[in-house]
Every structure is written in C-alpha cells, then in structure tokens.
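Enquirer: got a predicted structure plus its sequence, pasted below:
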Amino acid sequence: MTYTQPQTFPDSDYFQPQPQQDSELLRQIGFIPGLKELLMLRQVHALEHGTIWVLSEGNNNENLGGLSTDQGFYIYGQVNQDNLHQAVGRALERLQTGEWNLAVHPRCGTNLSVAMVLTTGLALGSYLILPRNPLSQIFGLGIAAATAMEIAPEIGLSAQRYLTTAIPFNLRLVRIAATKDFWGRQAYFVRVRWEEV
C-alpha cells in the first residue's frame with residue numbers, strides 16, 4: 001500500500017466542527033455517566049490519526065500503528081520520541097486550525113469493524129431472504145460479501161468522521177513516555193488532558 005493524502009471533509013456548514021461543541025455538550029448533559037470519557041476518547045482517536053499522518057508524511061512509513069484510550073494513545077513502530085513529540089504538536093495544531101481530514105485514517109480499526117458488521121448483516125439477510133437450497137445460499141453469501149467489501153470503505157470513513165473521532169479542541173499534551181501496552185508490546189504512550197474551551 002502506498003502513502004496517500006488524507007481525504008478532505010465535504011464543504012458543509014452543517015458538519016463543521018466547533019471548538020466549544022464538546023464542552024457545551026458536557027455543560028448540558030454532563031450528568032450522563034461516562035459521557036466525558038466518551039467525548040475524550042473520540043478526540044484522542046482523532047489526534048492519534050493526525051499524529052500518524054504527520055509522522056508518515058514524506059516517509060511512506062506504513063509500519064506505524066496506534067491505539068486510543070480515554071487518557072491518551074499508544075504509538076507502535078519505529079519512531080524517535082522527539083519526532084513523535086513534534087508530530088503530536090503539529091497534528092494538534094493542524095486539526096484545530098481546520099485540517100479535519102487528518103482525523104480520518106484508512107487503516108483504522110473502525111473500517112474493519114464496519115466491514116465485519118456489514119458482511120454479517122448482509123449475509124444474514126441473504127440467508128433469511130433466499131431459498132434454503134445450497135446453491136442459492138452460497139450465491140447469496142458471495143453477493144453479500146462482495147457488496148460489503150465494496151461499500152465498507154466509504155461507510156467506514158464516514159463512521160470515523162462522524163462517530164468515532166472528533167476534532168481535539170479540548171486536548172492538551174501532558175507527556176510522552178516509552179512504555180508497554182496491555183499485551184506487553186513496546187510502544188510510546190502519549191498522555192493528554194481535557195481542558196475546557
């Protein structure tokens with residue numbers, strides 16, 4: 001796979017992120033348990049993607065990966081800690097100043113999840129609709145899988161854009177440290193904190 005630029009957001013005032021949107025949502029319905037953590041996770045997820053885009057620019061480095069939590073994110077792969085610190089700062093600045101396309105990444109796990117849900121749903125639908133003979137069922141399964149694989153990338157990108165990421169207007173970098181993740185793999189952890197806008 002070759003390096004490609006992130007896709008741009010459509011020009012639409014309706015979906016333009018606003019700096020105070022998550023802070024305002026917390027002021028209105030912050031009593032809902034876990035809401036702040038969910039909002040923070042979405043912003044961290046976008047910053048993780050932005051950081052990987054910035055680190056990959058010009059390097060064609062596809063060996064980088066990430067994993068977001070509500071406290072920050074892990075970065076996996078060969079990267080210098082100073083370069084990572086600069087990339088996080090640049091990604092945060094670029095995302096906050098309008099380069100919202102950096103929040104979406106084609107290798108995100110959201111895309112895989114969307115593909116699995118679509119494939120399962122379409123396969124189940126074809127099973128229920130088509131006659132129960134083996135030939136019809138195999139044909140239906142093939143059509144369901146092909147259709148899911150065709151539409152999943154675009155739906156996955158939309159799911160990232162509108163559901164699993166949010167522009168990190170409320171995030172500030174705390175520190176970056178070499179560590180091990182939940183499974184004992186070497187990584188850097190980029191810790192962030194929430195600040196009201």
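Expert: All right, it came through fine. Numbers count the residues shown, from 1 in each chain.

Enquirer: drop to CA atoms for contacts and neighbour counts, all remaining ones
Expert: Will do.

Enquirer: now the residue with the largest distance to the centre of the chain: phi and psi?
Expert: The C-alpha centroid of the chain is most remote from N133, which lies 40.7 Å away (C-alpha atoms, centre = their mean). Backbone torsions of N133, given as degrees, to the nearest 10, read phi -80, psi 150.

Enquirer: measure it to G140 for me?
Expert: For N133, the distance to G140 equals 11 Å [C-alpha to C-alpha, to the nearest Å].

Enquirer: centre of the chain to stretch 143-163, how far?
Expert: 14 Å (C-alpha atoms, centre = their mean, to the nearest Å).

Enquirer: what sits up against it?
Expert: 42, 103-106, 110-112, 114-115, 118-119, 122-123, 126 (C-alpha atoms under 8 Å, 6 or more residues apart in numbering).

Enquirer: what do you get for stretch 73-84?
Expert: The contact list for stretch 73-84, computed with C-alpha under 8 Å, 6+ apart, reads 44-45, 48, 51, 55, 63-68, 176, 181, 186-191.

Enquirer: kindly supply the PyMOL command isolating those of those residues that are buried.
Expert: Buried residues among those (16 or more other C-alpha atoms under 10 Å), as a PyMOL selection:
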select buried, resi 44+45+48+51+55+65+66+67+68+176+187+188+189+190+191
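
Enquirer: number of residues surrounding G98?
Expert: Neighbours of G98 under the rule other C-alpha atoms under 10 Å: 13.

Enquirer: swap in L135?
Expert: L135 - counted by other C-alpha under 10 Å - has 10 other residues nearby.

Enquirer: so it, which state does it fall into?
Expert: Three-state assignment for L135 (DSSP: H, G, I helix; E, B strand; the rest coil): helix.

Enquirer: let's see the pLDDT reported for it.
Expert: At L135, the model reports a pLDDT of 95.

Enquirer: low-confidence stretches in this structure?
Expert: Across the chain, the ranges flagged by pLDDT under 70 are 1-14, 58, 60-61.
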